[in-house]
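1. I'd like to go over a predicted model; first the sequence, then the structure.
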Amino acid sequence: MYDHFTLPEADALQIALSRKLILQPLKRINTIGGADISFNKGSSTMYAGIVILSFPELIVQSYALETYETTFPYQPGYLGFKEVPALLKVWDLIPVKPDVVVLDGNGILHPRRMGVASHFGVLTNQATIGCAKSILYGDNHLPEKSKFSAAEIKSHGETLGYALRTKDNNKPVYVSAGHLITTEQALAVIKKCIGNYRIPEPTRLIHDLVNDFRTGKLKAGFHIKDQPLTLF
DNA sequence: GCGACAG
DNA sequence: ATCTTGTCGC
């Protein structure tokens, strides 16, 4: 889908897509999704997945897995061009979409406000949140070392996201709005997704699932977790 | 010009 | 991202 794009063209598309961003409060959240990609080094095969959990209970309800071929290389600032096409393919396998999706990467905390979470959100018209494991853009002001401490990440005086400490004395994660949500709400939602790990549950779970998919332990398709038998 | 640089 | 064992710290 983006394999033939040159960097200048990718740049232009990001700027065009950024004009479609809508950062407004999201009404209700009953389900939350986690999206991620896995691949073997040097391979063009991407193993994509999306998991859906109930919110705020965070109980896994279902997940979808699918592969996609792409040769677009990883380039800081252009992650969406490598991952979004694969995610769009898995997205199509989901019958009932989650209210919001958390992606492994940034949203508007990006030089052109078009990180992978915003990119995916705008193309699907879905609410998304970006949660990266390291800084890409903005002033990296670190929060206090205690769990749930957060520090604004700004660029030219504008708050684009937050560095959030999800565990005491651990590296923070970087949260930003992707699409159809506000930065403040994105932070609040991610805080509610913290279990006993540094990475929020939606993203942590799909990362494991997508890895099992890549290593052959799971197969492509839409799967429903613990589907209780209905007797009548 | 130099260094940084999500996954 | 992926390849990998032990190991330092809370």
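-> Looks like it arrived, so ask away. As the structure is a prediction and not an experimental result, all values here were calculated from the model. Residues are numbered from 1 along each chain as shown, chains lettered A, B, ... in the order given.
2. Just give the number of residues close to the closest residue to DNA strand C within chain A.
-> Ranking the residues of chain A by distance to DNA strand C (CB to the nearest atom of the strand) places A:Ser38 first, at 3.5 Å. All C-beta atoms are positioned from the backbone trio N, CA, C, and that covers glycine. By other CB atoms under 10 Å, the residues close to A:Ser38 number 21.
3. where along chain A do the strands fall?
-> A:31-38, A:45-54, A:60-69, A:100-103, A:128-132, A:150-155, A:158-164, A:173-179, A:221-224 (DSSP state E).
4. Using CSV, lay out those together with distance to A:Val210 and mean pLDDT.
-> Formatted as CSV, these follow (distance: least, CB to CB, whole Å; pLDDT from 0 to 100):
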stretch, distance to A:Val210, mean pLDDT
strand A:31-38, 4, 98
strand A:45-54, 4, 98
strand A:60-69, 7, 98
strand A:100-103, 12, 98
strand A:128-132, 16, 98
strand A:150-155, 27, 96
strand A:158-164, 23, 97
strand A:173-179, 18, 98
strand A:221-224, 13, 98
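5. Quick one, which of those gets closest to DNA strand B.
-> Nearest of the strands of chain A (CB to the nearest atom of the strand): strand A:128-132, 3.9 Å.
6. who does the closest one pair up with?
-> Using DSSP bridges, the strands paired with strand A:128-132 are strand A:100-103 (parallel), strand A:173-179 (antiparallel).
7. between those, which gets nearest to A:Leu17?
-> Closest approach to A:Leu17 among the strands paired with strand A:128-132 is made by strand A:173-179 (9.7 Å; CB to CB).
8. so does the closest one get close to DNA strand B?
-> No: against DNA strand B, strand A:173-179 shows no contacts by CB under 7 Å from any atom of the strand, the least distance being 7.5 Å.
9. Repeat that for stretch A:39-51.
-> No: for stretch A:39-51, no contact with DNA strand B is found by CB under 7 Å from any atom of the strand; the gap never falls below 7.9 Å.
10. What's the end-to-end length of stretch A:70-82?
-> 7 Å (CA to CA, to the nearest Å).
11. does any part of that stretch sit near DNA strand B?
-> Yes: interface with DNA strand B: stretch A:70-82 contributes A:74, A:76-80 (CB under 7 Å from any atom of the strand).
12. now, the most widely separated pair of those?
-> Counting by CB to CB, the most remote pair of the residues of stretch A:70-82 next to DNA strand B is A:Pro76 and A:Gly80, 11.8 Å apart.
13. What residues does chain A have near DNA strand C?
-> A:37-41, A:104, A:133, A:168-169, A:207, A:211, A:214.
14. Closest one to DNA strand B out of those, please.
-> Using CB to the nearest atom of the strand, the residues of chain A next to DNA strand C come closest to DNA strand B at A:Lys133, 3.1 Å.
15. which residues touch the closest one?
-> A:104, A:171, A:173-174, A:199 (CB atoms under 8 Å, 6 or more residues apart in numbering).
16. would you list those residues in JSON lines and tack on neighbour count and distance to A:Thr124?
-> Shown next, in JSON lines, are those (neighbours: other CB atoms under 10 Å; distance: CB to CB, whole Å):
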{"residue": "A:Asp104", "neighbour count": "25", "distance to A:Thr124": "16"}
{"residue": "A:Lys171", "neighbour count": "14", "distance to A:Thr124": "30"}
{"residue": "A:Val173", "neighbour count": "22", "distance to A:Thr124": "23"}
{"residue": "A:Tyr174", "neighbour count": "26", "distance to A:Thr124": "22"}
{"residue": "A:Ile199", "neighbour count": "20", "distance to A:Thr124": "23"}
